[in-house]
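Chemist: I'll drop the sequence and a predicted model, then ask my questions.
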2 protein chains.
Amino acid sequence: MEKITVNIPGSVSEIFVGREWETAGKLIPQSGVLIITDQNVHSIYGNRFPEFPVLIVQPGEQSKKLEVIGQLAERLLDAGIDRSGFLLGIGGGVVCDITGFLASVYMRGIRFGYVSTTLLSQVDASTGGKNGVNLGDSKNILGCFRQPEFVICDPVMLYTLSDEEYFSGLAELIKTGIIGDRLLFEKIEQNYNAIIGRDPELLSSLVSMAVNFKAAVVTEDERESGLRRILNFGHTFGHAIELSSSLAHGYAVASGMELAARFSCNKGLISVTDLERITGMLKSFNLLRDYHIPGDQVGRLILHDKKKAGGDIYFVLTEGIGKAVVEKMPAGTIVDFYLKYKAGK
Amino acid sequence: MEKITVNIPGSVSEIFVGREWETAGKLIPQSGVLIITDQNVHSIYGNRFPEFPVLIVQPGEQSKKLEVIGQLAERLLDAGIDRSGFLLGIGGGVVCDITGFLASVYMRGIRFGYVSTTLLSQVDASTGGKNGVNLGDSKNILGCFRQPEFVICDPVMLYTLSDEEYFSGLAELIKTGIIGDRLLFEKIEQNYNAIIGRDPELLSSLVSMAVNFKAAVVTEDERESGLRRILNFGHTFGHAIELSSSLAHGYAVASGMELAARFSCNKGLISVTDLERITGMLKSFNLLRDYHIPGDQVGRLILHDKKKAGGDIYFVLTEGIGKAVVEKMPAGTIVDFYLKYKAGK
């Protein structure tokens, strides 16, 4: 078991990788706790939850909306949860995002922690303190930066994920390798079979590497005013793909990473060899699926990505496996690249 | 003009008392600004607003709800407001609460400032960084602590308030005198006519005293884990009265202060003379109106006040004019006091 600490002025967040999730009960208060989860997680693990009231949301992105926050808040009030209350989110990114946002605004902020049940949330969503809900088409438009007190990442829980959920998370692991940890990238390259077999020991080690990297980035730049932007590698196109296709987040990001890597190669930032290693890995795990962004909508979909500032976009490129660089560029430049690339295919 | 600085780790908020509101344009960015106001304020002052898009909400408490936050956020998205955007709230407590909450969660936090147009918001609501919306009957259940970059309190704007709005604000001024500033209390006692006449110079001076006191309290205890609780003097009963009657906030708090002062006197904390000075002042401004809390609902209404922790309530008493003290007590004790007092009337 590894404990990784995210130390940000005013808050300390502890990420336990490889810890048995059933020990969550030891990290929460003895009263005033409410658990938030989704139907899928509850049907598998609900009988071993700590003994507190449970609120169950629908699985999936459709629960990430303001109405759900309002409904859950009513339930918290009914349950008598006050400022000394504690929310425990047990689930993937959606459950963690909802739990974190609700805890951030309920009575102007109560305590919270997560048991992170998907690879995607273990690697990415549950570390760093971002939470939020969508507004129509636009993702995470309303939310906060606020660190959970703890996150438990138990690799054994990953056995019960669907293939789609599991490999969707793998895409974010690969992203971390590309932008910041060459050793992680290589470890993924070298352990194909153990990854396919969901070996818990290997997964603990990979998740630890990714969380350590993300924790370091977030500690330096909690509010995404600089360094943290590199975590959006593959996400500008990824979000556009996610909005215009029915691909799961990780698959959309995988294609977004392919595009960002090609863009980096076009600009002479990485070699063709590195580009091929990246696309090769994405293909080997069958992460590159068909998608279609209507040509006349690329700009709109990219600009709705909220990482933009003014008319420009902070686009994340790679300068080689393990190193990312952020370039501020007009949205038009990105659209042009995409249209040329698609025309040449 | 006086500038009062609220200095909290990670944020600085500047309160300008006695500054002409039309100078707000000098404190905001030159682009990416959106103004939030209500119909009343807009009809009086709208033609002198800085030249930026304006979103107008319905006046009154009914706008303080989550749906309105969602609707405004959609409008911000449509207007192209991104992370570098700025929200300027021009209005009273409701407009400031909505603007502050929206700015706190929109894209996980953008910049904001207020032009505070009512006495209540100049004295209380716009200093201190609390914002939020109601949930059904329950006030301010969803919100954040986040300081506005600036607040402009222009006493000339107070001329256009209805009597109800004006005297509602006066109740909070009196509250500040009772809990923390004997000189402020005496200045109110000694300037009855100038207060009735809304003399801008006197009002500037009174608002400055109140803001200075509140700024000091908030600087010490932003998140209301201790000292800040004294600001709730009169509010435990006040909220219950507000919920069960149709009284405006300040009038409800005035009656809440009378009850809290009587409770303090019953407990031997203040003399009958001080009690009479307090009730005398409240009566002289005609702040004590009829109200009725159904006997069987007192407990429920008090317990929905979110300042409780566990089954207990932090009740604010006074130990003499200019000095407040917080006592944690069971809700039942407070209900008993109220029922006995009402029975004896």
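Modeler: Cool, the structure landed.
Chemist: Helix, strand or coil: sort out the residue in the stretch 151-300 of chain A that chain B sits nearest to for me.
Modeler: Nearest to chain B, among the residues of the stretch 151-300 of chain A, is A:R223, at 7.3 Å (C-beta to the nearest C-beta). The C-beta positions use only the backbone N, C-alpha and C, and glycine is treated the same way. Assigned with DSSP: H, G, I helix; E, B strand; the rest coil, A:R223 falls in the coil class.
Chemist: and it, what are its phi and psi?
Modeler: phi -100, psi 20 (degrees, to the nearest 10).
Chemist: residues contacting it?
Modeler: A:F145, B:R108, B:G109 (C-beta atoms under 8 Å, 6 or more residues apart in numbering or on different chains).
Chemist: what's the distance between it and B:R83?
Modeler: Distance of A:R223 to B:R83, computed by C-beta to C-beta, to the nearest Å: 9 Å.
Chemist: With A:L34 instead?
Modeler: Taken as C-beta to C-beta, the span from A:L34 to B:R83 is 32 Å.
Chemist: Flag every buried residue along whichever strand or helix holds A:D336.
Modeler: Taking DSSP states H and E as the criterion, A:D336 maps to helix A:331-344. Judged by neighbour count using 16 or more other C-beta atoms under 10 Å in any protein chain shown, the buried positions of helix A:331-344 are A:A331, A:I334, A:V335, A:F337, A:Y338.
Chemist: what residues are up against the nearest residue to the fourth one once chain neighbours are set aside?
Modeler: Going back to what we said before, that points to A:F337. Among residues not flanking A:F337 along the chain, A:F263 sits closest, at 5.3 Å (C-beta to C-beta, 6 or more residues apart in numbering or on different chains). A:F263 sits next to A:F315, A:L317, A:I334, A:F337 when contact means C-beta under 8 Å, 6+ apart.
Chemist: pretty sure A:F263 belongs to a helix, no?
Modeler: Yes: under three-state DSSP, A:F263 falls within a helix.
Chemist: Up against chain B, what does the stretch 101-250 of chain A have?
Modeler: A:101, A:104-109, A:130, A:132, A:135-136, A:138, A:140-145, A:223 (C-beta under 8 Å from any C-beta of the partner chain).
Chemist: from the residues you listed, which would you call buried?
Modeler: Counted by 16+ other C-beta under 10 Å, these give A:101, A:104-109, A:130, A:132, A:135, A:138, A:140-145 as buried.
Chemist: In strands only, show me the residues you listed.
Modeler: A:L135, A:S138, A:N140, A:I141, A:L142 (DSSP state E).
Chemist: The fourth one against B:M107, yeah?
Modeler: Spelled out, that is A:I141. Yes: counting by C-beta atoms under 8 Å, A:I141 touches B:M107, with 6.4 Å between them.
Chemist: Strands of chain A, residue ranges please.
Modeler: A:2-8, A:11-17, A:33-38, A:54-57, A:86-91, A:111-116, A:133-135, A:138-142, A:150-153, A:308-309, A:312-318, A:324-330.
Chemist: Which one of the ones you listed has the poorest average confidence?
Modeler: Lowest mean pLDDT within those: strand A:308-309, a mean of 49.
Chemist: Please list all residues in contact with A:G299.
Modeler: A:A331, A:G332, A:V335.
Chemist: cutoff 6 Å now
Modeler: For A:G299, the contact set (C-beta atoms under 6 Å, 6 or more residues apart in numbering or on different chains) comprises A:A331, A:V335.
Chemist: Just the helices from the stretch 51-200 of chain A, written as ranges.
Modeler: Secondary structure of the stretch 51-200 of chain A by DSSP state H, counting those that start in this stretch: the helices cover A:66-78, A:93-105, A:119-120, A:163-180, A:182-190, A:192-196, A:200-220.
Chemist: What residues are bridge-paired with the residue lying closest to A:F49 once chain neighbours are set aside?
Modeler: With sequence-adjacent residues excluded and distances taken as C-beta to C-beta, 6+ apart, A:F49 is closest to A:I35, at 5.9 Å. Beta-bridge pairing of A:I35 under DSSP bridges involves A:V54, A:L88.
Chemist: ok, A:I35 to chain B distance?
Modeler: A:I35 sits at a distance of 19 Å from chain B (criterion: C-beta to the nearest C-beta, to the nearest Å).
Chemist: can you count the residues close to that residue?
Modeler: By the criterion of other C-beta atoms under 10 Å in any protein chain shown, A:I35 has 25 neighbours.
Chemist: Assess the claim that it and A:I56 are in contact.
Modeler: No: in this structure A:I35 lies outside contact range of A:I56 using C-beta atoms under 6 Å: 9.1 Å.
Chemist: OK, contacts around A:V105?
Modeler: B:L142.
Chemist: so what pLDDT did it get?
Modeler: At A:V105, pLDDT is 98.
Chemist: Find me the pLDDT at A:I302, would you?
Modeler: A:I302 is given a pLDDT of 83.
Chemist: How about the one 5 residues further on?
Modeler: According to the predicted model, the pLDDT of A:K307 comes to 46.
Chemist: Quick check, pLDDT for the residue nearest to A:F337.
Modeler: On the pLDDT scale, A:F263 gets 98.
Chemist: Which segments of chain A make up each domain?
Modeler: A:2-160, A:163-344 (automatic domain parsing).
Chemist: From the opening residue of the longest one to its closing one, how far?
Modeler: When the termini of domain A:163-344 are compared using C-alpha to C-alpha, to the nearest Å, they are 32 Å apart.
Chemist: A:L34 and B:R83: which is more packed in?
Modeler: Neighbour count, other C-beta under 10 Å: between A:L34 and B:R83, A:L34 has more, with 24 against 19.
Chemist: who's in contact with the more buried one?
Modeler: Applying C-beta under 6 Å, 6+ apart to A:L34 gives the contacts A:P53, A:A79, A:I81, A:L87.
Chemist: hmm, 7 Å instead?
Modeler: Residues in contact with A:L34 (C-beta atoms under 7 Å, 6 or more residues apart in numbering or on different chains) are A:F52, A:P53, A:L55, A:L76, A:A79, A:I81, A:G85, A:L87.
Chemist: Give me the buried entries from the residues you listed.
Modeler: Buried members of the contacts of A:L34, counted by 16+ other C-beta under 10 Å: A:F52, A:L55, A:L76, A:I81, A:G85, A:L87.
Chemist: Quick one: residues contacting the second one.
Modeler: So that's A:L55. Neighbours of A:L55 in contact, by C-beta under 7 Å, 6+ apart: A:L34, A:I36, A:L72, A:R75.
Chemist: Return a PyMOL selection command for the buried portion of the residues you listed.
Modeler: To isolate the buried members of the contacts of A:L55 in PyMOL, using 16+ other C-beta under 10 Å:
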select buried, chain A and resi 34+36+72
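Chemist: So which of the contacts of A:L55 is the closest to B:W21?
Modeler: A:L72 (38.9 Å; C-beta to C-beta).
Chemist: Roughly how far does the closest one sit from chain B?
Modeler: 10 Å.
Chemist: Report the separation between A:D97 and A:L34.
Modeler: Going from A:D97 to A:L34 by C-beta to C-beta gives 17 Å.
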